[in-house]
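>>> here is my input, please return the structure:
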Amino acid sequence: MIYAFLGWCLEVTYQAVEHGKFINRGFLGGPYCPIYGVGVIIVTLALYPLRGTVILLYIGSVVLTSSLELITGCVLERIFHQQWWDYSDEKFNVGGYICLKFSLLWGVACLVTVRIIHPTIEKLVDIIPPTAGIVAMALIYVGFTSDLVITIMGIMHIRRRLRVLEGISAEMRKISDKTGEKLFVGVDAIHDKSGDINEKTLQLRKRAEELLAKYKELTSQRSRVGRRLEHAFPKLKIAPPKALRAPFEAIKAKLPKKPDKKGDTTE
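Alright, predicted model coming up:
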């Protein structure tokens, strides 16, 4: 928990320097980034015996932290179908999940942590009386668990909404394809002898408009967890508009216009 808090402080400081404003850069709502806590535990347990050998400690830190960041990025994308961070603009990156520059920086950070910070924190923790430490950790983990449960419930809600939006996108694409097929066959397949749009084409238009209305309703809804995650991870765009607007715009372009009483055409 100490390292999760220090990691959060590091992220907030970096974002403040880069963007000039405070960003609660964390997966959870509280002031902690669990990936840092887990990462330091892994590095410490695996590499603490190598603390006397700087080169081996550094190489091991780079490999372990890069692997953790890569796995975490893949898991989050698996859940949300989007990347939470993207290093594609950096040189020598792997799928945008990790890049050489930050991997080398993580190595330096772990080197300093294992050799300097961790021994100091161990001494400070040893000063805390056992009973007080247990009480403190109980209170901290009650808050942490509550935060985790709330976040997971929010993510489940987001996932359900994403599945609905994906279904809307798929149906819109089908409508677009059907409309294109009708236009390909010929104008007579779309208009009847009176020059009006036939019933099937009107149904396609009506359904497309219903889907867009549903899309607007869903994308206008933003849960507290969703807003926080989008603010914390700018690269993360939950249900990006272009993903659904493209099929709809394609439908509007293909559907014929209705003739008005004066002979002009209107959509």
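
>>> can you tell me what sits against stretch 135-144?
Residues outside stretch 135-144 that contact it (CB atoms under 8 Å, 6 or more residues apart in numbering) are 1, 28, 30, 32, 128. No exception for glycine: its C-beta is placed from N, CA and C like everyone else's.

>>> now secondary structure and neighbour count too, for those residues, in a markdown table please.
What follows is those, written out as a markdown table (DSSP: H, G, I helix; E, B strand; the rest coil; neighbours: other CB atoms under 10 Å):
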| residue | secondary structure | neighbour count |
| --- | --- | --- |
| 1 | coil | 13 |
| 28 | coil | 23 |
| 30 | coil | 18 |
| 32 | coil | 24 |
| 128 | coil | 12 |
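
>>> how much space separates residue 209 from residue 137?
Look at residue 209 and residue 137: by CB to CB, to the nearest Å, they are 56 Å apart.

>>> likewise for residue 121?
Per CB to CB, residue 121 is found 15 Å from residue 137.

>>> with residue 35 instead?
20 Å.

>>> residues contacting residue 64?
Counting by CB under 8 Å, 6+ apart, residue 64 touches 39, 42, 43, 46, 47, 110.

>>> are any of the residues you listed buried, and which?
39, 43, 47, 110 (16 or more other CB atoms under 10 Å).

>>> what sits up against the helix or strand hosting residue 41?
Using DSSP states H and E, residue 41 maps to helix 34-47. For helix 34-47, contacts defined as CB under 8 Å, 6+ apart pick out 1-4, 6-8, 10, 27-28, 56-57, 60-61, 64-65, 68-69, 72, 110, 113-114, 118.

>>> now the buried members of these.
Buried residues within the contacts of helix 34-47, defined by neighbour count using 16+ other CB under 10 Å: 2-4, 6-8, 27-28, 57, 60-61, 64-65, 68-69, 72, 110, 113-114, 118.

>>> from these, which land in helices?
2-4, 6-8, 57, 60-61, 64-65, 68-69, 72, 110, 118 (DSSP state H).

>>> which one among those residues sits at the bottom for pLDDT?
By pLDDT, residue 72 ranks lowest within those, coming in at 88.

>>> residues contacting that residue?
For residue 72, the contact set (CB under 8 Å, 6+ apart) comprises residue 35.

>>> quick one on the thing from earlier: how far is the helix holding residue 41 from where the chain is centred?
Helix 34-47 has its C-alpha centroid displaced from the chain centroid by 23 Å (CA atoms, centre = their mean, to the nearest Å).
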